[in-house]
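Chemist: can you look at this prediction? I've put the sequence above it.
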Amino acid sequence: MNHYHTIDKPSVAEFKDRGSRFLAYAFPIQSVDDFKKRLRELKEEHPKAVHHCFAYRLGTDGNSFRASDDGEPSGSAGKPILGQIDSKGLTNVAIVVVRYFGGTLLGVPGLINAYKTVASFALQLAPIVQKAVMVPYDLQFDYTLMNEVMIVVKRFGCQIMQNEAQLFCRMIIGIPKEHLPACLEKLESLHGLEIRPVIS
């Protein structure tokens, strides 16, 4: 798989049922830490909400995901939210749904419907983009090579993830998976450049 689909920017949607308000916040993430930071912010923003249910999926192998009912009946919130992310084939995406209780119990079918609907609304409002799967590599080289390295980086659409430029430079780049062999061949032909894969 050379590409994946994610959302371009955050979105917010609202759904009401029998007095309860559900606010869904969908946003792109690159790591679990990104997600945790945003969840903390939303809890501070909505201290009076009774539940902060969520789901996220990360990475392109599909193995990194989590869904939380945050005190709602088991399977009534996190799973329907994750189901909406998966039905659109998205990754590196999180949705947090903040619920304000309206005094009437909705029952499990009502909750599933509410969480699923509001998550779906939020994703409809977020532009979906296709991105290249990036494979991280660590480059170390003398400053005099900077120009040649940057030519290769631009040519293959690599992403610079980290850059320490002194007399001796270290750069961590993401190489698009579809261009990996050709890009590595070019980089390896640069005399004095050390290159190794980043093991996550």
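Modeler: Noted; the coordinates are in hand.
Chemist: state which helix of the chain is the longest.
Modeler: Using DSSP state H, we find that the single longest helix of the chain is helix 107-125.
Chemist: which is the next helix or strand following that one?
Modeler: Where DSSP states H and E defines the elements, the next helix or strand beyond helix 107-125 is strand 128-132.
Chemist: for that next one, packing partners?
Modeler: On a contact count with 3 or more CB pairs under 8 Å, 6 or more residues apart in numbering; DSSP states H and E, strand 128-132 meets strand 3-7. Using the backbone N, CA and C atoms, a C-beta is placed for each residue, glycine as well.
Chemist: what residues does the strand it packs on touch?
Modeler: Applying CB atoms under 8 Å, 6 or more residues apart in numbering, the contact partners of strand 3-7 are 26-28, 60, 88-93, 123, 126-133, 178.
Chemist: ok, now with 7 Å
Modeler: For strand 3-7, the surrounding residues in contact (CB atoms under 7 Å, 6 or more residues apart in numbering) are 26, 28, 60, 89-93, 126-133.
Chemist: who wins for most neighbours among these?
Modeler: For these, the largest neighbour count, defined by other CB atoms under 10 Å, is 28 neighbours, found at A26.
Chemist: so that one, which state does it fall into?
Modeler: Following DSSP: H, G, I helix; E, B strand; the rest coil, we place A26 in the strand state.
Chemist: contact partners for it?
Modeler: Taking CB under 7 Å, 6+ apart as the criterion, A26 is in contact with I7, P10, S11, V93, I95, A122, L123, A126.
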